[in-house]
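> show me the folded form of this:
(2 chains)
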Amino acid sequence: MRRENIKPHLIVENLEKSYENAGVLGTRKEVKALQGVSFSICRQSTLALVGESGSGKSTLAFCIACLERPTSGRIVIHGNETTALDEKQLRRVRPQVQLVFQDPARSLNPRFSALEIVSEPLLVQGRFHKREREDRARALLVQVGIPQEKVLRNAGEFSGGQRQRLAIARALALEPKLLILDEALSALDCSVQAQIANLLLELQSSLGLTYLFITHDFAMAGHLADEIAVMDGGKIVELGATEKVLRAPEQEVTRRLLVATPRLRAAAEMPQVV
Amino acid sequence: MTPLIEVQDLHVAYISRAGKKSLALAGISFDVRPGETLGVLGESGSGKSTLAAALLRLLPGNGEIQRGAVLFEGQDLLRAEPRTLERIRGDRIALIFQEPSLALHPTIRIGEQISDVLAAHESLSRSALRQKTLQLLAEVFPADPARIADSYLHQLSGGQQQRVLIAQAIACGPSLIVADEPTASLDPTTQQDILSLFRTLREKFNLSMILITHNPALLAGLADRVLVLYAGKVAEIGPTEKVLAFPQHPYTRALLQSMPRRLDEPAKGHKSKLPVIPGDAPNLEELANGCRFETRCADRMEMCTQREPEAVAVSEAHAVSCFKYGG
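Predicted structure coming up:
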């Protein structure tokens, strides 16, 4: 890792989050979704968060995106301690962290044009005049690979991969430095996953983005991430450099997840296209 | 060995409201032998789900089988009487769909939903029905069939729900199971559990399977042969080890190369650009004359735009539809 990137962009310290669920006969049952979660991500690097369903990955994402309040612990984003801010101050900080979800078919309004989808965050935040909002949205759409002549088409007319490009452009509209990619590639076809993965890498280096990449897919985590954190039962059970976690996992959970990752066994003998 | 099911030159079209026709399957032929698992590999729009639905004539209202035959146990399902077809569906050929939470009823106990399948195909007394239901559940939940029988959908995890669908599928002792993305919504460990359950049941009941997926890696340890579907045509079909390790069709090759391979080859290309297939899948309403992959193909030649390639055998049981091999 380069020296100028050493300063962490996101710091999470001892984060706890409990929910109260209704139990039998009016009793309350406490569910600990996050327990003592601590990690940090350096600027322009990627941390992959891997774990089974229900391990707390999405709760953690929502806390970092300031959409859920943690029960205790600290979150510091780009020097702002978001866990110490009130609702009004949060409104100002929230744009700095943006989310991209798994299924763009459900996270985008199919009747909105690509241009409307990408300029809407600017409208909501009351930034710029209509003309400038649209110019910015156009530029972003081109940057994520949507051809200029398609920007007035409705979201519903785009393919799954292009819709995910729209979702990424919308996430970038407010110029965040941290993107939370919550299973952002999982619903896409393999060949489209590769296209979007390349786009994410390109944007990371051109815009200096920091990624929290939440996934089930160890192979893609291995490709995109600098570090991998493995979650189980609301805790981070293993955290280390990608290479190390993949080659020499220390925890049973990690080993189990690695073994379960489907792979093309004879792939090493694959002929290369010249 | 005589095939259990033989699909011949299957053509399926969808007619849009504007009257436009798009050929979702344009002449598919393959067979599945008794006890064999055929993996159907295809991306969105390749026609893989249309194939699953067309085999049992379960296409939506705007879908139309235009040509072809599906020969199963001596008859052509595409020309069978509705009553014959009804007996075959669920009884001889069972379907498993992608989203188990949508395939099961939310307010009927699981046991009853399995009994319903049994009761639809044979008449059994109440106690015999209950007993058979528990036996079936024990195949997929060895530890606790009775508790699952009394549960409701919302009390089960995604993996458990998929096990229930599998119990329903094997209820009448079918000879063929068609599973359309059966593990798509599950996390990897659960996915592996379900796949090994398939392996066990396949051996135990000598089942044939058609396993439809977009993920080549899932087929690696499970399918005997792989059929690669691209834009409604068979691009390549052959033994799994051959197709996945030595893909011959330029599409299969490009598809497999676009997958990150870090777990198999740790030293390779961290954070580097993955090789991608340029462009998008073709619009089936506006197809030109030539090969359907031509516009995206790295190996295109002049003749590729003129007509569609025929399947050519490149080795025993391995056929490719590409002019590189003669076509």
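
> for residue 236, which residues make a bridge with it?
By default, I'm working from chain A. Taking DSSP bridges as the rule, residue A:236 bridges to residue A:231.

> I was thinking of chain B, sorry if that wasn't clear
Residue B:236 has the following beta-bridge partners by DSSP bridges: residue B:228, residue B:320.

> how near is it to chain A?
For residue B:236, the distance to chain A equals 14 Å [CB to the nearest CB, to the nearest Å]. Glycine gets a C-beta too; all of them are placed from N, C-alpha and C.

> residue B:319 touches residue B:236, doesn't it?
Yes: counting by CB atoms under 8 Å, residue B:319 does reach residue B:236; the two are 7.1 Å apart.

> which one of these two is surrounded by more residues?
Using other CB atoms under 10 Å in any protein chain shown, the more surrounded residue of residue B:319 and residue B:236 is residue B:236, with 26 against 22.

> which stretches in the chain count as strands?
No chain was given, so I picked chain A. Here chain A has its strands, by DSSP state E, at A:8-22, A:28-42, A:46-51, A:72-77, A:80-81, A:97-100, A:178-182, A:210-215, A:227-232, A:235-241.

> nope, chain B please
Counting by DSSP E, chain B has strands at residues B:5-15, B:21-32, B:37-41, B:63-72, B:75-76, B:93-96, B:176-180, B:208-213, B:225-230, B:233-239, B:311-315, B:318-321.

> so which residues make contact with the fifth one?
Counting contacts by CB atoms under 8 Å, 6 or more residues apart in numbering or on different chains, the residues outside strand B:75-76 that touch it are B:69, B:70, B:84.

> closest one to chain A out of the residues you listed, please.
Taking CB to the nearest CB as the measure, chain A sits nearest to residue B:70 out of those, at 26.6 Å.

> so in chain B, which helix runs the longest?
Counting residues, the longest helix found in chain B (DSSP state H) is helix B:188-205.

> and that one, what does it pack onto?
helix A:252-260, helix B:126-140, helix B:158-170, strand B:208-213 (3 or more CB pairs under 8 Å, 6 or more residues apart in numbering or on different chains; DSSP states H and E).

> buried residues in it?
Buried residues in helix B:188-205, counted by 16 or more other CB atoms under 10 Å in any protein chain shown: B:188, B:189, B:190, B:191, B:192, B:193, B:194, B:195, B:197, B:198, B:201, B:202.

> and for that helix, what's in contact with it?
Against helix B:188-205 from outside (CB under 8 Å, 6+ apart): A:52-53, A:216-218, A:256-257, A:259-262, B:35, B:37, B:139-140, B:157-159, B:162-163, B:166, B:170, B:173, B:179, B:182-183, B:186, B:207, B:209, B:211, B:218, B:221-222.

> output that helix in PDB with nothing but the alpha carbons.
Included here for helix B:188-205 are C-alpha records, laid out as PDB according to Å, rounded to 0.1, in the frame of the first residue of the first chain:
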ATOM      1  CA  PRO B 188     -22.300 -20.500  -0.700                       C
ATOM      2  CA  THR B 189     -22.400 -22.900   2.300                       C
ATOM      3  CA  THR B 190     -26.100 -23.500   1.900                       C
ATOM      4  CA  GLN B 191     -25.600 -23.800  -1.800                       C
ATOM      5  CA  GLN B 192     -23.100 -26.500  -1.400                       C
ATOM      6  CA  ASP B 193     -25.400 -28.400   1.000                       C
ATOM      7  CA  ILE B 194     -28.200 -28.300  -1.600                       C
ATOM      8  CA  LEU B 195     -25.900 -29.400  -4.400                       C
ATOM      9  CA  SER B 196     -24.600 -32.400  -2.300                       C
ATOM     10  CA  LEU B 197     -28.200 -33.200  -1.500                       C
ATOM     11  CA  PHE B 198     -28.900 -33.400  -5.200                       C
ATOM     12  CA  ARG B 199     -25.900 -35.700  -5.600                       C
ATOM     13  CA  THR B 200     -27.200 -38.000  -2.900                       C
ATOM     14  CA  LEU B 201     -30.800 -38.200  -4.200                       C
ATOM     15  CA  ARG B 202     -29.600 -38.600  -7.700                       C
ATOM     16  CA  GLU B 203     -27.700 -41.800  -6.800                       C
ATOM     17  CA  LYS B 204     -30.400 -43.100  -4.500                       C
ATOM     18  CA  PHE B 205     -33.300 -42.700  -6.900                       C
END
